[in-house]
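**Student:** the following block contains a protein sequence and its predicted model.
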Amino acid sequence: NTPLEHQDPALFDLIQREKLRQRSGLELIASENFTSHGVQEVNGSCLTNKYSEGLPGARYYGGNEYIDQIEQLCQQRALGAFRLSDADWGVNVQPLSGSPANFAVYTALLQPHDRVMGLALAHGGHLTHGHVTPSGVRISATSVYFESMPYYLDESTGLINYDQLERDAKLFRPKMIIAGASAYPRDIDYPRMRQIADSVGAFLMADMAHVSGLVAAGVVSSPFDHCDVVTSTTHKSLRGPRAGIIFYKKDTVRGLDLEKSINSAVFPGLQGGPHNHQIGALAFALKQAQLPEFKSYQEQVVRNSRAMASRLSDLGYDLVSGGTDNHLILVDLKSNGVDGARVETILDLASITLNKNSVPGDRSAIVPGGIRIGAPALTTRGFVEEDFVKVADMIDRGVKIAVDLKARTPGDGKLRAFKAFVTSESFPEIDELR
Ligand code: PLP
């Protein structure tokens with residue numbers, strides 16, 4: 001029972017430093033958030049000790065009386081949070097995270113080498129949507145085991161090119177189309193994607209990982225009216241523990257019983273014992289997601305994201321799609337003459353954390369031409385529109401420093417050697433914001 005601080009001071013100290021970093025910096029990574037103490041309490045509880053392979057009421061281990069009830073509570077709350085009836089929808093809350101959730105759906109619904117279409121990684125899609133590198137390397141298991149063809153944005157508008165997707169789908173004949181993205185600032189037209197999927201006899205899966213909190217609060221379109229399967233991570237805008245979740249129609253779709261196929265793909269197909277601490281923590285997060293405060297929080301996330309987008313536009317920045325409908329913004333820095341990697345590094349030195357991101361037209365994912373900026377984490381800390389305007393001004397300052405340094409250090413330069421440029425003198429308002 002000796003506290004960690006005394007048993008392992010080295011590890012304890014690193015955790016304290018990370019805590020301080022999270023608290024004192026400005027967290028703008030679109031896929032991150034700050035969970036509640038309740039979520040952290042359950043995540044660090046005795047639930048981590050238990051093995052419970054199987055589903056509630058049908059386990060391969062004894063001693064699951066309470067674990068069964070916790071998993072059932074989590075399932076009920078998952079359906080409740082997205083206003084789904086248990087007559088129409090079922091849910092598996094065991095995926096260990098978002099990537100395993102997606103792979104479980106592919107394993108359940110597809111045969112090896114079946115075809116899938118997902119949004120290209122360079123245009124905002126995720127690795128698990130079938131990514132193949134520009135030189136043809138299949139670096140995701142989803143492209144190793146399945147044949148994939150990406151769909152793209154219309155580069156002139158920054159919006160998904162649904163017409164081209166429809167034309168390509170008619171030629172490629174995918175068995176599954178994936179709606180969803182990691183860096184798409186606009187709402188998705190699920191009815192249109194359903195119509196395209198139906199026209200070629202494909203399953204339609206939505207991966208709402210980024211926007212699931214916004215979907216729960218009803219501030220962006222819901223995929224549930226149009227998709228056969230919906231997956232999500234639970235730690236982004238939903239503000240739960242790190243985990244994954246799969247919702248499936250309680251139907252036979254294209255000859256497949258989705259419930260049976262998906263549940264058995266998760267276990268025994270891909271996983272062993274579920275992580276009960278995650279499932280318990282998710283149950284708590286999903287209770288919070290049904291409170292009026294959660295809806296207000298998500299509305300504020302979108303207002304903040306729009307306020308930051310509008311300020312950056314006023315400052316002359318080129319935003320992919322011209323703005324945002326959701327929690328994130330994608331800034332194309334090509335016209336500023338600097339890449340996203342430099343800007344990420346400079347802002348990191350000022351404790352402002354965001355990530356470099358590919359934007360349409362990029363050649364390299366290592367030195368991409370843009371940055372992705374998200375509002376969920378700082379909105380959890382209570383930031384409102386005027387704070388986000390200040391944040392936009394600080395990002396602008398970071399970009400200008402990066403442009404200036406690029407002129408002095410062509411090539412990659414040793415950016416960390418320029419720490420002197422990003423002290424609180426260059427970012428005086430950071431202390432006020434903290
Ligand atoms: N799907 C999307 C759209 C994502 O953005 C991510 C992660 O960023 C994932 C899936 C994968 O989630 P995880 O990192 O939990 O495996």
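**Tutor:** Perfect, I can see it now.
**Student:** can we go C-alpha only for contacts and neighbour counts from here?
**Tutor:** Fine.
**Student:** give me the contacts around stretch 270-286.
**Tutor:** Here stretch 270-286 makes contact (Cα atoms under 8 Å, 6 or more residues apart in numbering) with 38-48, 50-54, 67, 70-71, 73-75, 77-78, 81, 93-96, 100, 104, 234, 238-243.
**Student:** could I get the CA-only coordinates of stretch 114-124 as CSV?
**Tutor:** What follows is stretch 114-124, C-alpha atoms only, in CSV (Å, rounded to 0.1, in the frame of the first residue of the first chain):
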residue,chain,number,x,y,z
ASP,A,114,-12.7,-8.0,-50.5
ARG,A,115,-12.7,-4.4,-51.6
VAL,A,116,-13.2,-1.3,-49.4
MET,A,117,-13.2,2.4,-50.1
GLY,A,118,-12.3,5.0,-47.5
LEU,A,119,-11.3,8.6,-47.6
ALA,A,120,-7.6,9.0,-48.6
LEU,A,121,-5.2,9.5,-45.6
ALA,A,122,-3.7,12.5,-47.3
HIS,A,123,-7.2,14.0,-47.6
GLY,A,124,-8.2,13.4,-44.0
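**Student:** name the nearest residue to residue 352, ignoring sequence neighbours.
**Tutor:** residue 26 (4.7 Å; Cα to Cα, 6 or more residues apart in numbering).
**Student:** count of neighbours near that neighbour?
**Tutor:** When counting by other Cα atoms under 10 Å, one arrives at 22 neighbours for residue 26.
**Student:** for it, give me its contacts.
**Tutor:** Per Cα under 8 Å, 6+ apart, neighbours of residue 26: 351-353, 378, 434.
**Student:** what does residue 217 give?
**Tutor:** With Cα under 8 Å, 6+ apart, residue 217 has these contacts: 289-290, 294-295, 298-299.
**Student:** which of the contacts of stretch 270-286 are buried?
**Tutor:** 39-40, 42-43, 47-48, 50-54, 67, 70-71, 73-75, 77-78, 81, 93-96, 100, 104, 234, 238-243 (16 or more other Cα atoms under 10 Å).
**Student:** how close does residue 360 sit to the ligand?
**Tutor:** 17 Å (Cα to the nearest ligand atom, to the nearest Å).
**Student:** from residue 163, how far off is the closest residue to that residue other than its chain neighbours?
**Tutor:** Spatial nearest neighbour of residue 360, chain neighbours left out: residue 123 (5.7 Å); criterion: Cα to Cα, 6+ apart. Per Cα to Cα, to the nearest Å, residue 123 is found 16 Å from residue 163.
**Student:** neighbour-wise, which of those two wins?
**Tutor:** Taking neighbours as other Cα under 10 Å, residue 123 and residue 163 compare with residue 123 leading, 27 against 12.
**Student:** what's the most distant pair in the contacts of residue 217?
**Tutor:** 290 and 299 (13.9 Å; Cα to Cα).
**Student:** next, count neighbours for residue 112.
**Tutor:** 12.
**Student:** can you check residue 8 too?
**Tutor:** 11.
**Student:** okay, residue 425: pLDDT?
**Tutor:** pLDDT for residue 425: 70.
**Student:** so, low pLDDT: which residues of this protein?
**Tutor:** For the chain, the stretches with pLDDT under 70 are 364-365, 409-424, 430-434.
**Student:** thinking again about what came up before, next step: the buried ones among the contacts of stretch 270-286 restricted to helices.
**Tutor:** Among the buried ones among the contacts of stretch 270-286, the residues falling in helices (DSSP state H) are 39-40, 42-43, 67, 70-71, 73-75, 77-78, 81, 100, 104.
**Student:** most widely separated two among those?
**Tutor:** 40 and 104, at 26.4 Å, using Cα to Cα across these.
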